[in-house]
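Visitor: Sequence and predicted structure, then a few things I'm wondering about:
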Amino acid sequence: MKTVILCSGGIDSVTLAYKVAVERKLDRLISFDYGQRHRREIEHAARIASELGVRHDVVDIATLGKFLTSSSLISGGDAVPDGHYAEDNMKSTVVPNRNAIMLSIAFGIAAGAKADAVGIAVHSGDHFIYPDCRPAFVDAFRTMQDTALEGMWEIELYAPFTGTDKAGIVAEGATLGVPYALTWSCYKGGEKHCGRCGTCVERREAFHLAKVPDPTKYEDPDYWLQAIAEMTAKRKGDR
């Protein structure tokens, strides 16, 4: 199955790329410049493509970013919040319709490349915050895309992690030899991972739960413990 992968340069999409390289045929990685705060993730995706010896395409949709400023991930948007992904304040990191936009473009690229599948690394840890990472979205998009290409192309939407959390992804990636030191998660884009934004907290927690050594250098390596404690206390208080 010749497969193209949406790759942000983070843990999830890079693990999927290595999984496809072992189990299928990895055609290329596709990253998007959508006007996000920094390009660190794109740079790391390029490094991963080089490691895997595959093509890396960067699709420039940055003009779209000026219409998506409701998200704190867009350049010029509000400050990126600190804390755990399960907190309501993380909803500010939602980029409206991002996965639908990117997948639509990726399917067009896949058709032109005569690929058999498009892979996306949405996982269960994203379900609370991101509507376009949930199984219902994946199923609906799959149906839409099958209809859009009917009679012309047969391209699978491959999303093997929808029922897996980030710790499970890290555990699988460890068996695949994923070079996690080359991945980038932080939303803030400094010299190091900040250790405080939602994706840094989730990253640190995932390595801990998976019992896999975390090679990441964080500005604040212990904040994740505070974030989890605060989230747990809040949940108890809401009962």
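Guide: Received, thanks. Numbers count the residues shown, from 1 in each chain.

Visitor: Next one, pLDDT for residue 50 please.
Guide: At residue 50 the predicted local distance difference test score is 98.

Visitor: swap in the one 3 residues further on?
Guide: pLDDT recorded at residue 53 is 98.

Visitor: now the helices for the protein?
Guide: Under the criterion DSSP state H, helices of the chain are mapped to 11-23, 40-52, 62-65, 98-112, 135-148, 166-176, 198-210, 223-238.

Visitor: Neighbouring strands - and their directions - for the top strand by length along the chain?
Guide: Criterion DSSP state E: the longest strand present in the chain is strand 25-33. Strand pairing for strand 25-33, determined by DSSP bridges: strand 2-6 (parallel), strand 55-60 (parallel).

Visitor: can you state the direction angle for the longest one and helix 40-52?
Guide: Right, the one you point to is strand 55-60. With axes from the mean of the first three to the mean of the last three C-alpha atoms, to 10 degrees defining the directions, strand 55-60 sits at 160 degrees from helix 40-52.

Visitor: Just the CA trace of strand 55-60, in PDB.
Guide: Taking C-alpha atoms only, strand 55-60 is exported to PDB below (Å, rounded to 0.1, in the frame of the first residue of the first chain):
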ATOM      1  CA  ARG A  55      10.300  12.800  -0.200                       C
ATOM      2  CA  HIS A  56       9.100  15.700   1.900                       C
ATOM      3  CA  ASP A  57       6.500  18.100   0.500                       C
ATOM      4  CA  VAL A  58       5.600  21.300   2.200                       C
ATOM      5  CA  VAL A  59       2.300  22.800   1.200                       C
ATOM      6  CA  ASP A  60       2.000  26.500   1.600                       C
END
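
Visitor: any idea how far it is from the chain center?
Guide: The chain centroid and the centroid of strand 55-60 are separated by 16 Å, computed with C-alpha atoms, centre = their mean, to the nearest Å.

Visitor: If you count neighbours, what's buried in that strand?
Guide: Judged by neighbour count using 16 or more other C-beta atoms under 10 Å, the buried positions of strand 55-60 are 56-57. C-beta coordinates here come from the backbone N, C-alpha and C atoms, glycine included.

Visitor: Pull the contacting residues for the residue nearest to residue 19 when sequence neighbours are not counted.
Guide: Taking C-beta to C-beta, 6 or more residues apart in numbering, and ignoring the residues beside it in sequence, residue 19 has residue 176 as its nearest neighbour in space, at 6.2 Å. Residue 176 sits next to 15, 18-19, 22 when contact means C-beta atoms under 8 Å, 6 or more residues apart in numbering.

Visitor: Give the buried residues for the longest strand of the chain.
Guide: Buried residues in strand 25-33 (16+ other C-beta under 10 Å): 26-33.

Visitor: what's the closest of the helices of the chain to residue 125?
Guide: Among the helices of the chain, helix 166-176 comes nearest to residue 125, with 4.7 Å by C-beta to C-beta.

Visitor: Quick one: work out the angle between the closest one and helix 198-210.
Guide: Going by the same axes, to 10 degrees, helix 166-176 makes 60 degrees with helix 198-210.
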